[in-house]
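**Q** Predicted structure and sequence below. I'll ask about it afterward.
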Protein chains: 2
Amino acid sequence: MTSPRRTGRRPGSTATRQEIVEAARAEFAAHGFRGATLRRIAARAEVDPALVHHYFGDKDGLFAATVTLPDEALGRVLAALGDGVDCLGERLTRTFLGLFEAPATRDQMLIVVRSALTHDVARDRLRDVVEGTLLAGLAGEIPEPERRLRIELAMTQVVGLVLARYVLVVAPLCDLPLDDAVALVAPAVQRHLTGPLPAR
Amino acid sequence: MTSPRRTGRRPGSTATRQEIVEAARAEFAAHGFRGATLRRIAARAEVDPALVHHYFGDKDGLFAATVTLPDEALGRVLAALGDGVDCLGERLTRTFLGLFEAPATRDQMLIVVRSALTHDVARDRLRDVVEGTLLAGLAGEIPEPERRLRIELAMTQVVGLVLARYVLVVAPLCDLPLDDAVALVAPAVQRHLTGPLPAR
């Protein structure tokens, strides 16, 4: 057989992989996780189903690939972590909220959060990436053995605000200017990161 | 026609309504919100589809009826609100977490939370009920004009912890004894309820 692939790209190219991810996004959006099929995703992407298996393994693996954070997200979070522990709670809160405020990242952030709340695969992936980033980024700022606990506590407050403001859209929290929203919860986040912990 | 209804109950009875809700729960669990049909729910409940419309209007209304809080939930929350503002953050946190700890209420609480995060109808209903309960229950404890804002801030922290501990199942937060989990976030909740607010 000498007929080339219809798209004219090599099957192993990054573009093909990305095309499958886009097709998967559309399929998951249209049919939900349960209803989506790898065969239909392959048809949307105009590739052989075997190629989908080759790149992503199974439907779980493909789903996880569709719910990645925006490229710049972790870089921005990492940048916010330097500069010492003073106002760390405010910088961390502002950075996460900022990802939901900016039109370029907002929709993808919402998809990732909603997926993490409803799909174990997306949840595990997001948790690992965010925790890994924060654990490494705060290694010089927050001593062990409490670093992981403090980061998770801080994230309960940040995520709670994110949900109220951007997912549940609770007024007045959703209507406040960003600065006001940050000012309201930053003290709680800071306390989780550097304040006293109860005796255990 | 003299043939009675198959179940032998009057069509308007509470039992019939409850039977439709149970059938709807099973249908939504099996097919998701999009896939569920009122016709199939009526068939499961062995009632005429017109009766489903009569009681619940449309699929949104029926869905909302399936995601109600456990009967005792709001009563327990209201009971926790009395007794002054001292330790109010701890009582509120402990009560909400307790609803997720107790086997009798845990599953239903998780269904309500997950539904509220993914379905606007369930979200609006839960928000109205919880906010209404807290706004009324704290009328004597937290003065206006900040009562609603303070309650919502407190709930961002409580909900963030609930998600981490029971939905996202993040270790070590999910492994802590209830008392430890409460002790870790109660100060933040208390601060939201009665502490200083930033100047606006």
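**A** Looks like it arrived, so ask away.

**Q** The helix ranked longest in chain A near chain B at all?
**A** What stands out as the longest helix in chain A, according to DSSP state H, is helix A:14-35. Yes. Contact between helix A:14-35 and chain B, assessed by C-beta under 8 Å from any C-beta of the partner chain, occurs at A:Gly32, A:Arg34, A:Gly35. Yep, even glycine has a C-beta here, placed from its N, CA and C like the rest.

**Q** For the second one, which non-adjacent residue is spatially closest?
**A** In space, and not counting its chain neighbours, A:Arg34 is closest to B:Gly32: 6.9 Å by C-beta to C-beta, 6 or more residues apart in numbering or on different chains.

**Q** cool, and A:Lys59?
**A** Sequence neighbours aside, A:Leu38 is the residue nearest to A:Lys59 in space, at 6.0 Å (criterion: C-beta to C-beta, 6+ apart).

**Q** Cross-check the contact I'm expecting between the one you found and A:Leu51.
**A** No. At 10.3 Å, A:Leu38 and A:Leu51 do not qualify as touching, with contact defined as C-beta atoms under 8 Å.

**Q** Next, A:Gly140: secondary structure please.
**A** coil (DSSP: H, G, I helix; E, B strand; the rest coil).

**Q** burial of it, as a residue count?
**A** Number of residues near A:Gly140 (other C-beta atoms under 10 Å in any protein chain shown) recorded here: 11.

**Q** Phi, psi for it please.
**A** A:Gly140 adopts backbone torsions of phi -90, psi -10, taken as degrees, to the nearest 10.

**Q** pLDDT score assigned to it?
**A** At A:Gly140, the model reports a pLDDT of 90.

**Q** close enough to count as contact, the residue nearest to A:Arg34 and A:Phe33?
**A** No. Counting by C-beta under 8 Å, B:Gly32 stays clear of A:Phe33, with 9.4 Å between them.

**Q** roughly how far apart are A:Gly160 and chain B?
**A** Taking C-beta to the nearest C-beta, to the nearest Å as the measure, A:Gly160 falls 3 Å from chain B.

**Q** which residues touch that residue?
**A** Listed by C-beta atoms under 8 Å, 6 or more residues apart in numbering or on different chains, the contact set of A:Gly160 reads B:Met155, B:Thr156, B:Gln157, B:Val158, B:Val159, B:Gly160, B:Leu161, B:Leu163.

**Q** one more time with 7 Å, if that's ok
**A** Neighbouring residues of A:Gly160 by C-beta atoms under 7 Å, 6 or more residues apart in numbering or on different chains: B:Thr156, B:Gln157, B:Val159, B:Gly160.

**Q** Show me the domain layout of chain A.
**A** Using automatic domain parsing, the domain parsing of chain A gives A:14-66, A:73-194.

**Q** nearest to B:Val47, of those domains?
**A** For the domains of chain A, proximity to B:Val47 was assessed by C-beta to C-beta; domain A:14-66 is nearest, at 27.3 Å.

**Q** picking that back up, name the pair among the contacts of A:Gly160 with the greatest separation in space.
**A** Of all pairs drawn from those, the widest gap by C-beta to C-beta lies between B:Gln157 and B:Val159 and measures 7.5 Å.

**Q** For chain A, which segments are assigned as helices?
**A** Using DSSP H, helices in chain A cover A:14-35, A:38-45, A:49-56, A:59-66, A:73-81, A:88-101, A:103-118, A:120-137, A:147-162, A:178-194.

**Q** Excluding chain neighbours, give the residue nearest to A:Gly61 in space.
**A** A:Val121 (7.8 Å).

**Q** who touches stretch A:16-34?
**A** Outside of stretch A:16-34, the residues within contact range by C-beta under 7 Å, 6+ apart are A:9, A:36, A:40-41, A:44-45, A:47, A:52, A:55, A:62-63, A:65-66, A:119, B:32, B:34.

**Q** Residues of chain A that sit close to chain B?
**A** A:32, A:34, A:114, A:117-118, A:123, A:127, A:148-149, A:152-153, A:156-157, A:159-161, A:163-164, A:167-168, A:170, A:172-173, A:180, A:183-185, A:187-188, A:191, A:198, A:200 (C-beta under 7 Å from any C-beta of the partner chain).

**Q** Buried among these? Need that as a selection in PyMOL.
**A** Here is the PyMOL selection string for the buried members of the residues of chain A next to chain B, based on 16 or more other C-beta atoms under 10 Å in any protein chain shown:
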select buried, chain A and resi 117+123+127+148+149+152+153+156+157+159+160+161+163+164+167+168+170+173+183+184+185+187+188+191
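
**Q** So, low pLDDT: which residues of chain A?
**A** A:1-12, A:200 (pLDDT under 70).

**Q** mind running it again at 80?
**A** Applying pLDDT under 80 to chain A flags the ranges A:1-13, A:32, A:34, A:200.

**Q** B:Tyr55 versus the most centrally placed residue in it, what's the distance?
**A** Against the mean C-alpha coordinate of chain A, by C-alpha atoms, centre = their mean, the closest residue is A:Leu69 at 3.9 Å. For A:Leu69, the distance to B:Tyr55 equals 43 Å [C-beta to C-beta, to the nearest Å].

**Q** A:Leu74 too?
**A** As judged by C-beta to C-beta, A:Leu74 and B:Tyr55 stand 49 Å apart.

**Q** Contact partners for the nearest residue to A:Ala104 once chain neighbours are set aside?
**A** In space, and not counting its chain neighbours, A:Ala104 is closest to A:Pro70: 7.3 Å by C-beta to C-beta, 6+ apart. Neighbour list for A:Pro70: A:Thr105, A:Gln108, A:Met109 [criterion: C-beta under 7 Å, 6+ apart].

**Q** from those residues, which is closest to chain B?
**A** Closest approach between these and chain B, by C-beta to the nearest C-beta: A:Met109, at 14.5 Å.
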